[in-house]
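> okay, here's the prediction I keep looking at, along with the sequence it came from:
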Amino acid sequence: MLDKPSIRTDLTLILLRKNYVMPAAEKLTTIVSTKGQVILPKVIRDRRHWESGTKLVVEETDDGVLLRPIPLFKVTSIAEVAGMLAYQGKAKSIEEMDDAVMREAKRRAGH
């Protein structure tokens, strides 16, 4: 039998994983410390590959609290990335590019 909902608001940790639902027997709990800290269970950290120092975005949703890792790189468009490749000189031939690549490979190899 289900208990009546309590008056206080329960926050639920939602971990998104494509087509993954944690079985009821696997439901985990944690406690909010006096400093407001929450320890994520190791099994969750391992599944998500969240190492120590992983920065997370915290969002409040209708269903609870959502944690997502902050992307390592900001989202960019093709135009922004392609703009970094701009070259202001005369176009190079394939042979000139091949020669430059070979010179750099030799330089890196110490020749």
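Noted; the coordinates are in hand.
> near Val65, how many other residues are there?
By the measure other Cβ atoms under 10 Å, the count of residues near Val65 is 13. Any C-beta I mention is one placed from the backbone N, CA and C, and that applies to glycine too.
> distance of it from Leu40?
12 Å (Cβ to Cβ, to the nearest Å).
> next one: Gly110
Look at Gly110 and Leu40: by Cβ to Cβ, they are 47 Å apart.
> with neighbour numbers in mind, choose between these two.
For the pair Gly110 and Leu40, the greater number of neighbours falls to Leu40 (16 against 5), based on other Cβ under 10 Å.
> shouldn't the more buried one be within a strand?
No. Counting by DSSP: H, G, I helix; E, B strand; the rest coil, Leu40 falls outside a strand, being coil.
> for Thr30, phi and psi?
The phi and psi torsions at Thr30 (degrees, to the nearest 10) take the values phi -150, psi 170.
> with the one 4 residues further on instead?
Main-chain dihedrals, Thr34, degrees, to the nearest 10: phi -60, psi -20.
> do the same with Val58
Taking degrees, to the nearest 10 as the convention, Val58 sits at phi -110, psi 120.
> nearest spatial neighbour of Val57, skipping sequence neighbours?
The shortest distance from Val57 to any non-neighbouring residue, by Cβ to Cβ, 6 or more residues apart in numbering, is to Arg68 (4.9 Å).
> now the one you found, what's its secondary structure?
strand.
> so where is this protein shaky, pLDDT-wise?
1-26, 83-84 (pLDDT under 70).
> longest helix of it?
helix 94-109 (DSSP state H).
> got a list of contacts for it?
Lys92 (Cβ atoms under 8 Å, 6 or more residues apart in numbering).
> do that again at 10 Å, thanks
Lys90, Lys92, Ser93, His111 (Cβ atoms under 10 Å, 6 or more residues apart in numbering).
> could you measure from Glu80 over to Phe73?
Going from Glu80 to Phe73 by Cβ to Cβ gives 11 Å.
> what does Ala91 give?
30 Å.
> before we move on, what about Glu59?
For Glu59 relative to Phe73 (Cβ to Cβ), the value is 20 Å.
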